[in-house]
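Peer 1: Sequence plus predicted model, see below.
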Amino acid sequence: MRGVWMLVHVLGFTLWLGGGIATMVAGVTAKRMAPAERLAGYKLIGAVQRLLVAPGALAVVLSGLILGTPYMKQGDVPGWMGLMMAAGILGAIGAVAISVPTAAKLARLEPDARGELPEAFQGLRKRQILAATIAGALGLVAMGAVTLGKW
């Protein structure tokens, strides 16, 4: 059963961090587009966040807690694992609680009466950038802890 949970863990962080990178590339590319096309790009970003990032982050936390239970029961959690768990949980909370809902709000925006970006766009975009950057960085810290700290 450990193998199944390890597969869920690896698939989860692949979806989470891969979706985050896709979001970043799409957001940077959308900056050069006209308002209507830019908002269409943010509809795609909302879908990536909802369909890849959120399930991936949740899968990582669930599988990580299950995989870490034997260590926690023994009271023998290595430092690299503690860092991985803390960074992963905090990053997943940031992704699921802030980044994904913000992307959903951005995805619902429509051009204003003049065909320009709506007033709420810039504030939501800044929140999305900050939340996704912090969540992704914490995910990378977790990956670094297990890959570099374990050896």
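Peer 2: Good, I have the coordinates. Numbers count the residues shown, from 1 in each chain.

Peer 1: Below-threshold pLDDT in the chain: ranges please.
Peer 2: Scanning the chain for pLDDT under 70 picks out 151.

Peer 1: So the residue of the chain positioned farthest from its centre versus Pro35, what's the distance?
Peer 2: Most distant residue from the mean C-alpha position of the chain: Arg114, 33.3 Å away (Cα atoms, centre = their mean). According to Cβ to Cβ, to the nearest Å, Arg114 stands 9 Å off from Pro35. No exception for glycine: its C-beta is placed from N, CA and C like everyone else's.

Peer 1: Could you do Ser99 as well?
Peer 2: 23 Å.

Peer 1: ok, the two, which is more surrounded?
Peer 2: Just comparing Ser99 and Pro35: by other Cβ atoms under 10 Å the higher neighbour count belongs to Ser99, 29 against 17.

Peer 1: close enough to count as contact, the more buried one and Ala131?
Peer 2: Yes: with contact defined as Cβ atoms under 8 Å, Ser99 and Ala131 form a contacting pair (4.2 Å).
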